[in-house]
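*Asks:* Just to be clear, the model below is a prediction. Sequence and coordinates:
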Amino acid sequence: MQVDVSSRFQRSFLKLHPVIQEKATLRMKIFKESGGRDPRLDVHKLHGKKKEEWAYSVDRSYRIAFVFLEGNRVLYTNIGTHDELY
């Protein structure tokens, strides 16, 4: 799976505490290797204004939001707490 990142995702990622960055990096590796099918990620579709997006868990508080692109590609749109993303 090919993963692209938006500038918003990059900015948000750099603002995170290094421990959260490390957790996110591990989850991104799992996501890429499993094609998003690993149950530890808790991949779920968003609703409302973000109904075109999906998200998965970094830990109990943080999520990575993304959209599916053509082929075997996704775009990470943002990373943050549940309240920041939803």
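*Replies:* All right, it came through fine.

*Asks:* Of all the strand elements in this structure, which one is longest?
*Replies:* The strand of greatest length in the chain, counted in residues with DSSP state E as the criterion, is given as strand 73-81.

*Asks:* strands paired with it, and their directions?
*Replies:* Sheet pairing here is set by DSSP bridges, and for strand 73-81 it gives strand 2-5 (parallel), strand 62-68 (antiparallel).

*Asks:* in the following helix or strand past the first one, what's buried?
*Replies:* To tie it back to what came earlier, the one meant is strand 2-5. Under the assignment DSSP states H and E, the closest C-terminal helix or strand after strand 2-5 is helix 7-15. Applying a neighbour-count criterion of 16 or more other Cβ atoms under 10 Å, the buried positions in helix 7-15 are 9, 12-13. C-beta here means a position set from N, CA and C on the backbone, and glycine is covered the same way.

*Asks:* got CSV for those, with distance to residue 26 and pLDDT too?
*Replies:* Below are the buried residues of helix 7-15 laid out as CSV (distance: Cβ to Cβ, whole Å; pLDDT from 0 to 100):
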residue, distance to residue 26, pLDDT
9, 16, 98
12, 17, 98
13, 13, 98
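
*Asks:* now for the helix or strand hosting residue 32, which elements pack on it?
*Replies:* Element membership of residue 32, judged by DSSP H and E, is helix 18-34. Contact partners of helix 18-34 among helices and strands, from 3 or more Cβ pairs under 8 Å, 6 or more residues apart in numbering; DSSP states H and E: strand 2-5, strand 54-57, strand 62-68.
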